[in-house]
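[1] Sequence and predicted structure are below.
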Amino acid sequence: METVIEEKEKFFLTDFVVKGLIEKTDSSQFRDFLKENELRSSGSKGTKLFKMKTSLDKMSEEKFSEEIELIEEFFLEQIKYNSNRIILTFPFELHASDPLYSVSQLESFKGNTIEELNFSKLFSEKTAINHDFEKISQEIIISDTKVNKVNQVYVRKVRYSDVREKYEFVWIEIDCLSQEIRIHLENNSKNVSVDLQGKPMSIYKYFIGQLKREFLIIAQPNPQATTLFKLYRKLTAYAENKYLKKVELQQEEIDEFTQKMICSEKLDIENTLDIANRIKWVFVRQLIQNDFDNFLRIQQRGDGKVKSILFHYDEGGSINANSGSSNESNIEELDLERQSAYFDTRESIYSSQKLFSITVNWSVRLPDNTVKEVLTRYRAYNQFLMTHILKENYSKGVYDDVFPRIKEFENLPL
């Protein structure tokens, strides 16, 4: 006799699921996920969601438990990536006396087991979100006696300008192995419904307070202006080498002329600029200007192309301008595809060896062997390094390719 499964509501279409999770979900990725799991995948996102609910409600409890675990994993990934395209990165120190140093210390400090500390309210029928950030998911990843990572998801309701009320998500990674915290957030304009703004600095200040209260974490500063200079130097220098080598053949004559002028005019060496180097780069600049289109083509052959920069003088001023193509805020950058922009700042940047902001077009090879251009902006605040993937939502695969790239420049020598 065939077993009859009593159909009852198992998957609840709460306001949070319908208006929060689904809005955060990429339609094509949702479709692909449903296909992979042999669930109906046609129609709009709302239609797909309703069909998924219908299928889930008809499943046995055992089958439902298996499927909902995969579905939850998918939606958590959608929250972390996609439109949460700003990542704030900063270190913290982990000492032997800290709660996150070991499993036993964390359990003792919190008064709960790891199993009790891990939870998810994504699909709870009782999940109701208001204007204060609420933690709706926490996963503590351990190995033997050590805590490896803590993943947390926060959400609140907020209204921005003339846009209807929306759900705003923040994903926090506490990486105990690398002693680094990564906060993933959206790029939001000024909200009009709550005091706490969704801008990077406001979110950073709010959540470092949360982390201190929750795990006694003390955030450390993360000034990375030198790293951004090294990124700029690496991605631009190889295109300049052809022209630089031509001028360096005359370096001896340049040095002799410079020394002669310093002596004849009795210039104060302590207060002189790097005259010989500047003279050399005047000629390099002229050679490149005479061949600028070819110079840009050489730059485009690499895995990363510098699109724009923002440089702050040590005296407090800044150089900035913009082509209008890659700006997501009211801080404008210098478009390096203009000849004057490229050369007018180069000497100052090399002298300072610091850069506040740089936008790079990274080339990413996708699984189907096609190449995708991912426009990424880096900004070096004293408290954190901000990585912002511009223009479009992105997948876990793109994130795993692009996000770690900045790390290889941190330890490069100056």
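    Looks like it came in fine. Numbering: from 1, shown residues only.

[2] residues contacting the closest residue to Gln78 other than its chain neighbours?
    The shortest distance from Gln78 to any non-neighbouring residue, by CB to CB, 6 or more residues apart in numbering, is to Thr25 (4.8 Å). To be clear about C-beta, it is placed using only N, CA and C from the backbone, and glycine gets the same treatment. By CB atoms under 8 Å, 6 or more residues apart in numbering, the contact set of Thr25 is 45, 75, 78, 82.

[3] Can you show me the strands along this protein?
    If you assign secondary structure with DSSP state E, the strands in the chain sit at 86-91, 119-120, 134-143, 146-158, 166-175, 180-185, 304-312, 318-319, 334-335, 357-365, 371-380, 385-389.

[4] Tabulate the ones you listed in CSV, adding columns for mean neighbour count and distance to Gly198.
    Shown next, in CSV, are the strands of the chain (neighbours: other CB atoms under 10 Å; distance: least, CB to CB, whole Å):
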stretch, mean neighbour count, distance to Gly198
strand 86-91, 21, 10
strand 119-120, 15, 23
strand 134-143, 16, 15
strand 146-158, 20, 7
strand 166-175, 20, 6
strand 180-185, 22, 7
strand 304-312, 22, 22
strand 318-319, 15, 25
strand 334-335, 22, 27
strand 357-365, 20, 20
strand 371-380, 19, 16
strand 385-389, 21, 14
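
[5] Reformat those into a markdown table and put distance to Met201 and mean pLDDT next to each item.
    A markdown table is the format used below for the strands of the chain (distance: least, CB to CB, whole Å; pLDDT from 0 to 100):
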| stretch | distance to Met201 | mean pLDDT |
| --- | --- | --- |
| strand 86-91 | 9 | 96 |
| strand 119-120 | 29 | 94 |
| strand 134-143 | 21 | 96 |
| strand 146-158 | 17 | 96 |
| strand 166-175 | 14 | 94 |
| strand 180-185 | 11 | 96 |
| strand 304-312 | 16 | 83 |
| strand 318-319 | 18 | 46 |
| strand 334-335 | 23 | 64 |
| strand 357-365 | 14 | 91 |
| strand 371-380 | 11 | 92 |
| strand 385-389 | 9 | 95 |
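
[6] Tell me which of these sits nearest to Thr113.
    Closest of the strands of the chain to Thr113 is strand 134-143, at 10.1 Å (criterion: CB to CB).

[7] List the pairing partners of that closest one within its sheet, with orientation.
    Paired neighbours of strand 134-143 in the sheet (DSSP bridges): strand 119-120 (antiparallel), strand 146-158 (antiparallel).

[8] which of the residues in stretch 295-306 are buried?
    295-296, 299, 302, 304-306 (16 or more other CB atoms under 10 Å).

[9] quick check: longest helix of this protein.
    helix 225-248 (DSSP state H).

[10] Compute the inter-axis angle for that helix and strand 385-389.
    Counting by axes from the mean of the first three to the mean of the last three CA atoms, to 10 degrees, helix 225-248 lies at 80 degrees to strand 385-389.

[11] got the angle between helix 225-248 and strand 371-380?
    110 degrees.

[12] just checking, what packs against helix 225-248?
    Applying 3 or more CB pairs under 8 Å, 6 or more residues apart in numbering; DSSP states H and E, we find helix 225-248 packed against helix 275-289, helix 292-299, strand 304-312, helix 339-352, strand 357-365, strand 371-380, helix 407-410.
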